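# Kindly generate the corresponding structure for this input.
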Amino acid sequence: MEYKIIRSKRRKKTMTLKIERPGYIVIYAPFKTSHREVDNFFRENIPWIQKKIREGKALWREEKRFVDGEEFYYLGKAYPFYYSDKYEDGDGVRFEEDRFLSGENEKESIRHAFIQWYKKMAGNILLQRVSYYSELMGVFPSSLKITNALKRYGSCSHKNSLCFSWRLVLAPPSIIDYVVVHELSHIMEKNHSKNYWRLVGKFIPDYKSKRVWLRKNHHIFYL
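Just a heads-up that it's a prediction; the model follows:
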């Protein structure tokens with residue numbers, strides 16, 4: 001197990017650590033903290049680190065290999081990917097009979113093809129869901145854009161322009177709807193006040209469980 005130190009002049013006294021992945025830890029420390037102090041802090045926290053790694057081991061992001069049989073998510077379900085010689089390089093990714101197919105044979109070209117396919121699906125699905133909830137809620141965005149964001153599933157600007165990550169189409173439809181309502185609600189409430197959450201809850205009564213799902217399943221959005 002190894003760790004990396006990030007020192008900051010803004011940090012005053014406390015040290016904190018973050019588990020980036022199993023066996024790799026980042027420790028944030030005040031600028032003048034000695035290596036010995038950091039090392040002691042690390043060793044004192046080893047039991048906690050090991051516990052957290054055991055608890056979340058299945059959730060850590062594993063780098064995609066883009067090989068036959070590997071599974072990729074779409075609308076909350078995992079489907080296998082296979083190389084198909086009936087398609088040629090440049091044909092991208094197809095979704096047929098509950099499986100992904102492509103004639104691409106290089107890792108980066110397959111990855112690019114997947115992203116392009118997901119973006120296309122996201123554009124169609126999110127436009128449909130935004131239109132549906134806009135009519136239902138009586139709020140209408142000035143524009144809609146699909147982004148490549150990993151940690152920000154959606155956003156609403158001061159001019160009521162909505163942005164959504166294409167990665168949302170990897171999640172179940174109910175999660176997509178929650179994020180759509182979350183951002184549409186910001187057209188009326190530019191904050192996260194009690195009034196804001198009451199508005200979200202009016203259309204997504206179990207929104208709290210959706211927030212928990214996103215926290216626990218963030219790993220599926222990596223590609």
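# and the helix or strand encompassing I187, average pLDDT?
Here I187, judged by DSSP states H and E, is contained in helix 173-188. The pLDDT scores in helix 173-188 average 98.
# Let me know the next secondary structure element after the helix or strand where I125 lies.
Under the criterion of DSSP H and E, I125 resides in helix 107-137. Per DSSP H and E, the first helix or strand lying C-terminal to helix 107-137 is strand 143-147.
# Now do that next one: distance to the chain's middle.
16 Å (C-alpha atoms, centre = their mean, to the nearest Å).
# Give the pairing partners of the helix or strand following it; include direction for each.
Remark: after strand 143-147, the chain's next helix or strand is strand 154-156, criterion DSSP H and E. Applying DSSP bridges, strand 154-156 is found paired with strand 161-165 (antiparallel).
# Take the strand it pairs with, keep the C-alpha atoms, and write them as PDB.
Taking Å, rounded to 0.1, in the frame of the first residue of the first chain, the C-alpha atoms of strand 161-165 are listed here in PDB:
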ATOM      1  CA  SER A 161     -29.700  26.500 -19.800                       C
ATOM      2  CA  LEU A 162     -29.500  22.800 -18.800                       C
ATOM      3  CA  CYS A 163     -26.500  20.500 -19.200                       C
ATOM      4  CA  PHE A 164     -26.500  16.800 -18.700                       C
ATOM      5  CA  SER A 165     -23.700  14.200 -18.900                       C
END
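# what is the orientation angle of that strand with helix 107-137?
140 degrees (axes from the mean of the first three to the mean of the last three C-alpha atoms, to 10 degrees).
# so where's this structure uncertain?
For the chain, residues meeting the criterion pLDDT under 70 lie at 20-23, 55-62.
# Domain map for it?
Under automatic domain parsing, the residue ranges defining each domain of the chain are 2-59, 71-115, 122-221.
# so of the ones you listed, which one's packed in deepest?
Mean neighbour count, computed with mean count of other C-beta atoms under 10 Å, is highest for domain 122-221 among the domains of the chain, reaching a mean of 17. C-beta here means a position set from N, CA and C on the backbone, and glycine is covered the same way.
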